[in-house]
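Asks: Pasting the sequence and the predicted coordinates here, then a few questions.
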Amino acid sequence: MKLLATNNTAINIVFQNLNGYELPSNAQNVDLLDLPDGFGLNDLYKDGYLRTLYDSGDVSLWFENEYRIESDCSIGEHQKDPLSYNYKTELLNGYWYTPEFTIIDEGEKVGTLSKTEYYRNYIDESNKGELVLIVEEDYIIDDSDPSLFYTQRPAIEREKTWSLVYLNGDVNEVKVKRKKKKYNTRRKSHIEGVRRRKNVEEQLIDNVALAGILSGTMTDQNDAFDKLVGLQQSHENAFATWINSGRGTLYDDIANDTTHIWLDDTIPDNATNQSMIPWMIGKTFKNYIVEKLKGNIK
């Protein structure tokens with residue numbers, strides 16, 4: 001942020017946090033102070049002289065916006081670092097952000113949320129509007145027991161990183177906010193595991209429906225929905241146990257299912273499937289579902 005301070009006698013004090021700042025043309029009697037990276041309002045308040053001036057009312061403070069989020073969260077004087085804004089509860093009336101999620105789809109961290117990008121004026125995938133904020137998440141997974149499938153392995157820790165977007169669209173990757181969370185109780189680990197497996201289930205549903213329609217096994221979205229709901233209903237208890245713990249009989253139940261004959265259809269090798277679902281080509285739906293539930297495949 002670029003912080004300006006001026007008193008009633010037009011003495012301007014400029015706090016320069018970034019190089020290349022140009023003073024306004026009407027600035028007089030300017031003192032230029034170089035500050036370390038990460039300087040914020042709290043640092044200003046620690047300075048007794050400046051704190052006294054501010055309290056006396058002889059100095060007014062304001063920010064010149066640097067980040068897109070600033071004009072969405074406050075009017076007039078900014079009271080805190082832009083990284084401290086709550087972008088879910090402090091947006092001005094009439095403003096909202098649309099999140100776009102990226103979830104890891106295979107391997108050790110399958111089902112974890114790796115990144116959320118927040119856009120304003122979002123319309124659709126082709127018209128996302130302006131990127132305002134990026135939230136990245138990095139998980140540490142307990143791999144001490146290699147006999148467990150990826151979807152069974154518990155999370156140990158998560159580090160979350162917030163990065164702001166400048167007015168020109170660049171991302172500040174230096175001044176960020178980081179916070180760690182440890183899954184050091186059974187309850188915390190359980191909640192995170194359930195969330196991850198629900199994400200895997202949603203990925204599975206999307207991929208099977210797409211492959212089914214492209215391959216001719218399913219006629220349209222409604223038919224795909226009917227077939228997938230029917231499969232879940234047939235193994236309702238096993239699906240519930242798997243979501244809750246990552247364990248149970250679900251893998252074997254799907255592998256041995258003879259009721260839903262579409263599970264034995266093989267996903268063909270053709271140009272469309274090579275372009276859209278290459279990781280599923282040559283597999284039966286049954287084989288794909290089992291491997292996806294384990295986290296072994298996209």
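Replies: Arrived safely, thanks for sending.

Asks: if you average pLDDT over the helix or strand that Arg187 is a member of, what comes out?
Replies: Under the criterion of DSSP states H and E, Arg187 resides in helix 186-215. The pLDDT scores in helix 186-215 average 98.

Asks: how much space between Asp264 and Ala238?
Replies: Asp264 is 19 Å from Ala238, where distance means CB to CB, to the nearest Å. Every residue, glycine included, has its C-beta placed from N, CA and C.

Asks: Of those two, give the one with the bigger neighbour count.
Replies: When neighbours are counted by other CB atoms under 10 Å, Asp264 and Ala238 differ, and Ala238 comes out ahead with 17 against 13.

Asks: can you pull the pLDDT of Thr266?
Replies: 98.

Asks: scratch that, Leu92
Replies: 85.

Asks: residues contacting Phe239?
Replies: Contact analysis of Phe239 by CB atoms under 8 Å, 6 or more residues apart in numbering lists Glu201, Gln232, Leu250.

Asks: 6 Å instead, please
Replies: Taking CB atoms under 6 Å, 6 or more residues apart in numbering, we find Phe239 in contact with Gln232.

Asks: so it sits in a helix?
Replies: Yes. The assignment for Phe239 (DSSP: H, G, I helix; E, B strand; the rest coil) places it in a helix.

Asks: Give the next helix or strand downstream of the helix holding Arg187.
Replies: Going down the chain from helix 186-215, the next helix or strand is helix 221-234, by DSSP H and E.

Asks: Give me the contact list for that following helix.
Replies: Ile205, Ala209, Gly212, Met218, Phe239, His260.

Asks: Could you work out the most separated pair of those residues?
Replies: Met218 and Phe239 (19.6 Å; CB to CB).

Asks: how far does stretch 214-225 stretch from start to finish?
Replies: End-to-end distance for stretch 214-225: 14 Å, by CA to CA, to the nearest Å.

Asks: Mind listing what's buried along it?
Replies: For stretch 214-225, burial by neighbour count (16 or more other CB atoms under 10 Å) applies to Leu214, Ser215, Thr217, Met218, Ala224.

Asks: now swap in stretch 162-173 and tell me
Replies: Within stretch 162-173, judged by 16+ other CB under 10 Å, the buried ones are Trp162, Ser163, Leu164, Val165, Asn172.

Asks: In which helix or strand does the first one reside?
Replies: Here Trp162, judged by DSSP H and E, is contained in strand 155-164.

Asks: coming back round to it: columns distance to Ser71 on top of the buried residues of stretch 214-225, output as CSV?
Replies: Below are those laid out as CSV (distance: CB to CB, whole Å):
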residue, distance to Ser71
Leu214, 44
Ser215, 49
Thr217, 50
Met218, 47
Ala224, 44
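
Asks: For Met276, state which of the residues you listed is nearest.
Replies: Taking these together and measuring to Met276 by CB to CB, the closest member is Leu214, at 6.6 Å.

Asks: Identify the residues contacting that closest one.
Replies: Here Leu214 is in contact with Thr272, Asn273 (CB under 6 Å, 6+ apart).

Asks: Distance check, it against Val208.
Replies: 11 Å.

Asks: Equivalent analysis for Glu192, please.
Replies: 25 Å.

Asks: Show me which of these two is the more surrounded one.
Replies: For Glu192 and Val208, the more surrounded residue by other CB under 10 Å is Val208, and the numbers stand at 25 against 19.

Asks: So which residue is dead centre in the protein?
Replies: For the chain, the residue nearest the mean C-alpha position is Thr116 (2.2 Å; CA atoms, centre = their mean).

Asks: ranges for the strands of the stretch 1-150 of the chain?
Replies: 2-7, 11-16, 28-34, 59-64, 98-103, 113-120, 130-141 (DSSP state E, counting those that start in this stretch).

Asks: could I get stretch 174-194 in PDB with only the CA atoms?
Replies: This file holds the C-alpha atoms of stretch 174-194, laid out as PDB (Å, rounded to 0.1, in the frame of the first residue of the first chain):
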ATOM      1  CA  VAL A 174       6.400 -11.400  -2.300                       C
ATOM      2  CA  LYS A 175       4.100  -9.700   0.300                       C
ATOM      3  CA  VAL A 176       1.600 -12.500   1.100                       C
ATOM      4  CA  LYS A 177      -0.200 -13.800   4.200                       C
ATOM      5  CA  ARG A 178       0.400 -17.400   5.300                       C
ATOM      6  CA  LYS A 179      -1.400 -19.500   7.900                       C
ATOM      7  CA  LYS A 180      -0.800 -23.100   9.000                       C
ATOM      8  CA  LYS A 181      -3.400 -25.500  10.300                       C
ATOM      9  CA  LYS A 182      -2.400 -28.800  12.000                       C
ATOM     10  CA  TYR A 183      -4.800 -31.800  11.900                       C
ATOM     11  CA  ASN A 184      -3.600 -32.900  15.300                       C
ATOM     12  CA  THR A 185      -6.900 -34.400  16.600                       C
ATOM     13  CA  ARG A 186      -9.000 -37.300  15.400                       C
ATOM     14  CA  ARG A 187     -11.900 -34.900  14.700                       C
ATOM     15  CA  LYS A 188      -9.900 -32.500  12.600                       C
ATOM     16  CA  SER A 189      -8.400 -35.300  10.600                       C
ATOM     17  CA  HIS A 190     -11.800 -36.900  10.100                       C
ATOM     18  CA  ILE A 191     -13.500 -33.800   8.900                       C
ATOM     19  CA  GLU A 192     -10.700 -33.100   6.400                       C
ATOM     20  CA  GLY A 193     -10.800 -36.700   5.100                       C
ATOM     21  CA  VAL A 194     -14.500 -36.600   4.600                       C
END
